[in-house]
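# Fold the following for me, if possible:
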Amino acid sequence: MNSNFYKFILLSLLIIVITGCSLDVPKVLNDEQVTLKVMYYDEQQFFREYGELLYAKFPNIEIEVVTMQNMYNQTNSQDFDPKKALNDLLDQEKPDIIFTQIYEYEELVTDGRLMELDTWIGTDKYDLSTFVPAIIEQLRELGNGSLYGLAPRFYSTALFYNIDLFEQNGIDVPSEGMNWIELMQLAQRFPSGDEANRIYGFNVQEYSTYSQVLQMVARTEGLSFLDSESMKMTFDTESYRRIFQSVVELYQSGAINPPRDYNSDGMTPMVMEQDYLMQNPFVAGKSAMVVDSPQLIQQIEQANQRVKDYKAFNYGILTAPTSSTEPGMGGQINIGQIYAVSSTSENSKAAWELVKYINSEDMARIKSKSSTYDLSTRLTFSKERDGHSMEPFYAMKPSPINAYNFLEGVPNSFYQSFDMLLNEQIKKVVNKEATLEEAIQVVQEQGQKDLENNLLLDKQEKQQIKERSGDAIIPEAEETLETSSQ
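Have a look, this model is predicted:
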């Protein structure tokens, strides 16, 4: 859709923006017409999210959105190479502003695709003091000490606990700074009861698997199940053994809701909104604790308003379980959208002004009421929701291992096969069909075989792609496979 159309229909918003935001328009965007290319998911989504506000702030700007949809549509192709696809898009379209995710950011920095921002931040006296420190630290760490992008929002979790259930059962409420082992032990103090009156000490999402729960704990402890340099599995360790045992005991005790199976067609069943809300044991008042995002606050509010005869309860929020060896580190803290200036942009200063505004306090104030599942990286505008402090969502430092880490050189196909293997072995131990030691050995040994098979298949696929394109074959995958077999 033509960008002028967006300008026209959204002029009515200008007065709101004028009263809510500073109109100190930078000279670089006030003297002449500037056209900037912005790489984003798709055009309509960008204009809904930011376009109208940017046009109101910068009337002399024209925005051309470089959609990433064509790239995403190729993901199921056998020949799809995500890094090559992204580089091809950047080379062909040459966007001024690059939208990226955390798992791509470091690679873009290493490849010289992004412009370093610290000089401009210093020159413009751009205030970073109200950003979440952990977010800026992580971006700097991935940028070898420098900032190459800024993120307006992030995803985080915290520990919710039902105060009434703790009081009714004579159990002390959880304390700040608990680790996962302590939390699982606390959960097992709640009597499970019969099916109709069951109270869980802790619950996870309805379709969470055994392996997802174990890996959630392992990530908090900074554990990885393989070494990507040697391509060796590292699951058979005392650290993983301790977590495996604790997760098994939690499920065997009935203190956590068991995984539910998908329908035979692989889809979850359709349910009414009220039923959907009450499927969460914590929302239904049948679980003492859960680790969840700020969206849970809204779900509890909705249940209170829309579910007939809903029994409201008092609840508190603490920081998510912390690492037992690195107190203060943990939780599922993930940076979502990162905006950066392309190192090849011919309008880099103008591009920086847009990146700066997207990440500004003005923008954070405008967006502060519109999102329920993520949080602003600006601390000023996310202090409280429904009478609960949001501080627990901001207090933790992210673990070096998160759900979006994909180790260099490891085929993506391996992760799915490993998850299935791990889930199967945990289930066997929970059902007393295998011992803990037997399961760990299967995960270690079969995981290694699966890794080597996936490396071989990945090598063969890359060779086929090279041959079809007429390029010379690079034997990197073969060298990696040989190293892992030694």
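
# Show the pLDDT at the nearest residue in space to Q69 that is not next to it in sequence.
Excluding its sequence neighbours, the residue lying closest to Q69 (C-beta to C-beta, 6 or more residues apart in numbering) is D42, at 5.2 Å. To be clear about C-beta, it is placed using only N, CA and C from the backbone, and glycine gets the same treatment. Reading off the confidence values, D42 has pLDDT 88.

# wait, doesn't D42 sit right on T67?
Yes - when contacts are counted by C-beta atoms under 8 Å, D42 is listed as touching T67 (4.8 Å).

# okay, the two: which has more neighbours?
A direct count of neighbours by other C-beta atoms under 10 Å for D42 and T67 places T67 higher, at 17 against 14.

# Let me see the contact set for that one.
T67 is in contact with Y40, Y41, D42, E43, counting by C-beta atoms under 8 Å, 6 or more residues apart in numbering.

# what do you get for S376?
Here S376 is in contact with P152, R153, A364, K367, S368, S382 (C-beta under 8 Å, 6+ apart).

# Filter these down to the buried ones and express that as a ChimeraX selection.
A single ChimeraX command selects the buried members of those (16 or more other C-beta atoms under 10 Å):
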select :152,153,364,367,382
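
# how about the contacts of S376 in a markdown table, adding pLDDT and distance to A350?
Output for the contacts of S376, formatted as a markdown table (pLDDT from 0 to 100; distance: C-beta to C-beta, whole Å):
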| residue | pLDDT | distance to A350 |
| --- | --- | --- |
| P152 | 95 | 19 |
| R153 | 93 | 23 |
| A364 | 91 | 22 |
| K367 | 86 | 22 |
| S368 | 80 | 26 |
| S382 | 70 | 29 |
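
# taking the contacts of S376 one by one, which sit in strands?
Within the contacts of S376, residues falling in strands by DSSP state E are R153.

# Among the contacts of S376, which one sits closest to E195?
S382 (39.3 Å; C-beta to C-beta).

# residue contacts, the closest one?
Listed by C-beta under 8 Å, 6+ apart, the contact set of S382 reads S368, L375, S376, M390, F393, Y394.

# Please, where are all the strands along the stretch 351-486 of the chain?
With DSSP state E, counting those that start in this stretch as the criterion, the stretch 351-486 of the chain has strands at 375-376, 384-385, 388-389.

# Now do the same for L250: helix, strand or coil?
At L250, secondary structure determined by DSSP: H, G, I helix; E, B strand; the rest coil is helix.

# I'd assumed Q188 was in contact with it.
Yes - the pair L250 and Q188 qualifies as a contact (C-beta under 8 Å) at a distance of 6.7 Å.

# Looking at the two, which is more packed in?
Using other C-beta under 10 Å as the criterion, L250 and Q188 rank with L250 on top: 22 against 19.

# any idea how far the more buried one lies from E43?
46 Å (C-beta to C-beta, to the nearest Å).

# and what of S342?
Distance from S342 to E43, by C-beta to C-beta: 18 Å.

# Ramachandran angles for N203?
Per-residue torsions, N203: phi -130, psi 160 (degrees, to the nearest 10).
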